[in-house]
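Participant: sharing a sequence plus its predicted fold:
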Protein chains: 2
Amino acid sequence: MSDLILRNVRPMGGKPCDMLIRDGKIAGYDQDAAGLPVEDGKGAIVIPGLIDAHTHLDKTVWGLPWHENTKPAILRGRIDFERENRTKIGIDPHRQSMRHAICLAAHGATHIRSHVDIDTTHGLSLAEGVWETREKLRGVIDIELVAFPQSGLMVMPGTLELLNEALRQGCEVLGGIDPCGIDRDPKGQLDALFALAVKHGKPIDIHLHEQGDLGAFTMELIFERIRANGMQGKVAISHAFALGMNDYLRVGRLIDEIAALDVAILTTGAPSAAVPSVMRLKEAGVRVGAGCDGIRDTWGPWGQPDMIDRAKIIGMKNGLRQDSELEHVLHIVSQGGADVMRLDGYGLKVGDNADLTLLTGETLAHSVVDVAPRPLVVKGGRVTARQGVCVVDMP
Amino acid sequence: MSDLILRNVRPMGGKPCDMLIRDGKIAGYDQDAAGLPVEDGKGAIVIPGLIDAHTHLDKTVWGLPWHENTKPAILRGRIDFERENRTKIGIDPHRQSMRHAICLAAHGATHIRSHVDIDTTHGLSLAEGVWETREKLRGVIDIELVAFPQSGLMVMPGTLELLNEALRQGCEVLGGIDPCGIDRDPKGQLDALFALAVKHGKPIDIHLHEQGDLGAFTMELIFERIRANGMQGKVAISHAFALGMNDYLRVGRLIDEIAALDVAILTTGAPSAAVPSVMRLKEAGVRVGAGCDGIRDTWGPWGQPDMIDRAKIIGMKNGLRQDSELEHVLHIVSQGGADVMRLDGYGLKVGDNADLTLLTGETLAHSVVDVAPRPLVVKGGRVTARQGVCVVDMP
């Protein structure tokens, strides 16, 4: 069942060809292979599967009654409200992460990096719900989990021990959050995070909403610890709003360090914030991926579980208009995520995994702005979605 | 045919009721009227028709082969490229404005204010194409035209005479554009515009992309001329990016003047620019409408001809999350546009025109973030669109 001929598709918008898939991998182009199942691509563009490299599978209220939001936009208040009310609202981590991940797959994603809250109220139970989803969706979408101290680390004693346990039980990445803004103790949080990451030999992906000089200060503390612990190439900074500050030279010095230490940046193109320029990061050779972030949760109502929708948001926010720029946004939501997550076998070369998304546009740029559903999604050579509908039913 | 019973709808998200429509107007609620045609609203929310109060019907390449954009984002370059190439690209003003307006109607709009380029290359021919569309779509969507000197006024001699003729022949509003940035002569352009508007007794709607202190300076020149010509309540400023500058007190003084002179503001929530805060304008009692601006044209690839899509963009850009804030965005894309355009008979009161849009959400806020097509659109008591498809075919 993981053998397939994908007929009449245009790899990266190029010339039409037939793609031969054997044992879940791309076996060749324009080769004859009688007897295999055939999917007609009808001339659609094919790219490697879309990647949501920054989301929160354990948070959405998708499919629940509308959640009325009457709370002011204060970070600490939102964090505490969610932690204290998520169970009573009905945010079952398994069911809700199934809904979220199935929607992402339906819209062409084949890989997810999801943060999952680890806190002293819920222990590891939210991660356990998402682990169950990961097992159920094996072969449909790959899910990598970041053990994420959403409520803070230093201000919530007991969280460090839970993060240790989450990494021991299988979270692939260690998370962190605003060492100044949330934890009020940047040295404390960062020293603890780096020690834990080194102990487990795992990478770090830290939420950094801190803006301007504050965020730049925290970045510098992160850089120091990457050097001290030899973690070059193993740290990602999510959001990195400080890189959106209006100080060209200061931002340039930060980006130089980011490039030198091979730090990855994950952006959501946050519409109301100052965000890193994806074109400037490209010029500096920085690995950049993207994610939908939280989707319709207690934090806010926005977002779609769809990486083409997110590509639009990132492209508009960055003021991109030229076709070559739109192609780069498409790169960020696919290959860029693979670069951040260090995925093996990702791409369209012979021998790569047959994780594929068909797009509707005439060109790659057109595909970013078109709103039609993805005609076909393939994971390991199996069809996982057609016309925006996943083969797995929503619970 | 303009009599109708709209059964089981929830006005502004309130309790379900039946709406009686006679002679194209709302005749009553929950009244019996045998023999009239009936539409089942199935419990959907009903609001007055959506309003795109700032668009460019004469510019889109919608439905044409993909337009590859290889040009840098320089305003003057884009203006000149479009003027010199629009015919050869196939941007027929009648056909393209039909496509654009039909899409807007399909997504729930019942009124449009469109700028239309008036320049020495095309004379009035672009306006004529859109006038033809206005006639063909009478009863489907109302179109108001702004005679717009896209290529500049002072730098393009002959344009003033064409604007005069466009107003004489029926453009309802006089447009203007960046008196400093494009015309390099703010006194010249503004004096000429105000004299022409006074002569015709018509309102002004001026594009003001100028940012920061430059845009603030131009606004002050506009304020002086409103006072001098007694044009309080008759001037709109589109974009008004200067109100997005990071100087709370300076912006406050500008908004005070805007409120005192009853200037209307039209926003597109431009994702990559500094934009006016819609909540601050609300607090000041300023009339605010919104528009999709150009949709997939030679300027850029973005945008959908859909005012709910635009409400999302404005809401996200403004950092709005609470239900009450989302309700205000919905207000801007409906009643707000009517306030700017001074529409008579707009609303859900008995006696108002039966220009109505059904929404899919459980609540008004939910309707802003939902992506489902509008179930039904009614104009003057006639059904004009169902499930995102207009009763008029696309040419």
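Facilitator: That came through, no problem. Residues are numbered from 1 along each chain as shown, chains lettered A, B, ... in the order given.

Participant: SS state for the residue nearest to the spatial centre of chain A?
Facilitator: Central residue of chain A (CA atoms, centre = their mean): residue A:53, 1.4 Å from the mean position. Following DSSP: H, G, I helix; E, B strand; the rest coil, the label given to residue A:53 is strand.

Participant: what number of residues lie near residue A:3?
Facilitator: 18 (other CB atoms under 10 Å in any protein chain shown). Heads up, the C-betas are built off the backbone N, CA and C, glycines and all.

Participant: list the contacts of it.
Facilitator: Applying CB atoms under 8 Å, 6 or more residues apart in numbering or on different chains, we find residue A:3 in contact with A:21, A:22, A:23, A:33, A:36, A:37, A:381.

Participant: circling back: contacting residues around the residue nearest to the centre of chain A?
Facilitator: Counted by CB under 8 Å, 6+ apart, residue A:53 has contacts A:111, A:112, A:113, A:266, A:289, A:290, A:291, A:336, A:337, A:340, A:341.

Participant: which strand residues bridge the first one?
Facilitator: The reference is to residue A:111. residue A:51, residue A:142 (DSSP bridges).

Participant: which pLDDT value belongs to it?
Facilitator: Looking at residue A:111, its pLDDT reads 98.

Participant: distance check, it against chain B.
Facilitator: 23 Å (CB to the nearest CB, to the nearest Å).

Participant: my guess is that residue contacts residue A:339. True?
Facilitator: No. Applying CB atoms under 8 Å, one finds residue A:111 not in contact with residue A:339, separated by 11.8 Å.

Participant: picking up where we left off before, how about the contacts of residue A:3 in JSON lines, adding secondary structure and pLDDT?
Facilitator: Output for the contacts of residue A:3, formatted as JSON lines (DSSP: H, G, I helix; E, B strand; the rest coil; pLDDT from 0 to 100):
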{"residue": "A:21", "secondary structure": "strand", "pLDDT": "97"}
{"residue": "A:22", "secondary structure": "strand", "pLDDT": "96"}
{"residue": "A:23", "secondary structure": "coil", "pLDDT": "96"}
{"residue": "A:33", "secondary structure": "coil", "pLDDT": "83"}
{"residue": "A:36", "secondary structure": "coil", "pLDDT": "93"}
{"residue": "A:37", "secondary structure": "coil", "pLDDT": "94"}
{"residue": "A:381", "secondary structure": "coil", "pLDDT": "97"}
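
Participant: buried ones among those residues?
Facilitator: Taking 16 or more other CB atoms under 10 Å in any protein chain shown as the criterion, what is buried in these is A:21, A:22, A:381.

Participant: filter the residues you listed by proximity to chain B?
Facilitator: By CB under 8 Å from any CB of the partner chain, no member of the buried ones among the contacts of residue A:3 lies near chain B.

Participant: closest to chain B out of the residues you listed?
Facilitator: Nearest to chain B among the buried ones among the contacts of residue A:3 is residue A:21, at 28.7 Å by CB to the nearest CB.

Participant: residue ranges with poor pLDDT in chain A?
Facilitator: A:1 (pLDDT under 70).

Participant: residues from it in reach of chain B?
Facilitator: Counting by CB under 8 Å from any CB, the residues of chain A that sit close to chain B are A:65-66, A:68-73, A:271-273, A:296, A:299-302, A:304, A:312-313, A:315-319, A:321-324, A:326, A:361-363, A:365-366, A:368-369, A:371.

Participant: quick one: which of those residues sit in strands?
Facilitator: Judged by DSSP state E, strands contain none of these.

Participant: take those and keep only those in helices.
Facilitator: A:312, A:313, A:315, A:316, A:317, A:323, A:324, A:326, A:365, A:366, A:368, A:369 (DSSP state H).

Participant: one step back: now for the contacts of residue A:53: which two are most distant?
Facilitator: Across those, no pair lies farther apart than A:112 and A:336, at 14.3 Å, counting by CB to CB.

Participant: which parts of the strand ranked longest in chain A count as buried, going by neighbours?
Facilitator: In chain A, taking DSSP E as the definition, the longest strand is strand A:38-48. By 16+ other CB under 10 Å, the buried positions in strand A:38-48 come out as A:39, A:41, A:44, A:45, A:46, A:47, A:48.

Participant: closest one of those to chain B?
Facilitator: Scanning these for proximity to chain B, where the rule is CB to the nearest CB, the winner is residue A:45, at 11.8 Å.

Participant: end to end on stretch A:368-377, go ahead and measure it.
Facilitator: End-to-end span of stretch A:368-377 (CA to CA, to the nearest Å): 16 Å.

Participant: contacting residues around that stretch?
Facilitator: Residues beyond stretch A:368-377 that count as contacts (CB under 8 Å, 6+ apart) turn out to be A:39, A:41-42, A:44, A:49, A:105-110, A:308, A:311-312, A:315, A:326, A:329-330, A:356-361, A:383-390, B:296, B:301-302, B:304.

Participant: off-centre distance for it?
Facilitator: When C-alpha coordinates are averaged (CA atoms, centre = their mean, to the nearest Å), stretch A:368-377 and its chain have centres 19 Å apart.

Participant: and what of stretch A:283-300?
Facilitator: Its chain's average C-alpha position is 6 Å from that of stretch A:283-300, according to CA atoms, centre = their mean.

Participant: now do the buried residues in that stretch.
Facilitator: For stretch A:283-300, burial by neighbour count (16+ other CB under 10 Å) applies to A:284, A:286-300.

Participant: spatially, which two of these are the most separated?
Facilitator: Across the buried residues of stretch A:283-300, no pair lies farther apart than A:284 and A:298, at 36.0 Å, counting by CB to CB.

Participant: which stretches in chain A count as helices?
Facilitator: A:75-89, A:93-106, A:125-136, A:159-169, A:186-200, A:212-229, A:248-260, A:278-283, A:307-317, A:323-331, A:337-341, A:364-369.

Participant: with distance to residue B:177 added, can I get those in TSV?
Facilitator: As requested, the helices of chain A are exported to TSV (distance: least, CB to CB, whole Å):
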stretch	distance to residue B:177
helix A:75-89	40
helix A:93-106	42
helix A:125-136	52
helix A:159-169	56
helix A:186-200	48
helix A:212-229	34
helix A:248-260	29
helix A:278-283	27
helix A:307-317	22
helix A:323-331	25
helix A:337-341	41
helix A:364-369	25
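
Participant: chain B versus residue A:36, what's the distance?
Facilitator: As judged by CB to the nearest CB, residue A:36 and chain B stand 33 Å apart.

Participant: no no, residue A:170
Facilitator: Taken as CB to the nearest CB, the span from residue A:170 to chain B is 33 Å.

Participant: the closest residue to that residue other than its chain neighbours: neighbour count?
Facilitator: Closest residue to residue A:170 apart from its sequence neighbours, by CB to CB, 6 or more residues apart in numbering or on different chains: residue A:131 at 6.9 Å. For residue A:131, the neighbour count with other CB under 10 Å is 20.

Participant: so what's the residue of the stretch 51-200 of chain A found nearest chain B up against?
Facilitator: Relative to chain B, the nearest point of the stretch 51-200 of chain A is residue A:66 (4.4 Å; CB to the nearest CB). Residues counted as contacts of residue A:66 (CB under 8 Å, 6+ apart) are B:361, B:362, B:363, B:365, B:366.

Participant: in ChimeraX, how would I select the buried members of the residues of chain A next to chain B?
Facilitator: Buried residues within the residues of chain A next to chain B, by 16+ other CB under 10 Å, are selected in ChimeraX with:
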select /A:66,69,271,272,296,299,300,301,302,304,312,313,315,316,317,318,321,322,323,326,361,362,363,365,366,368,369
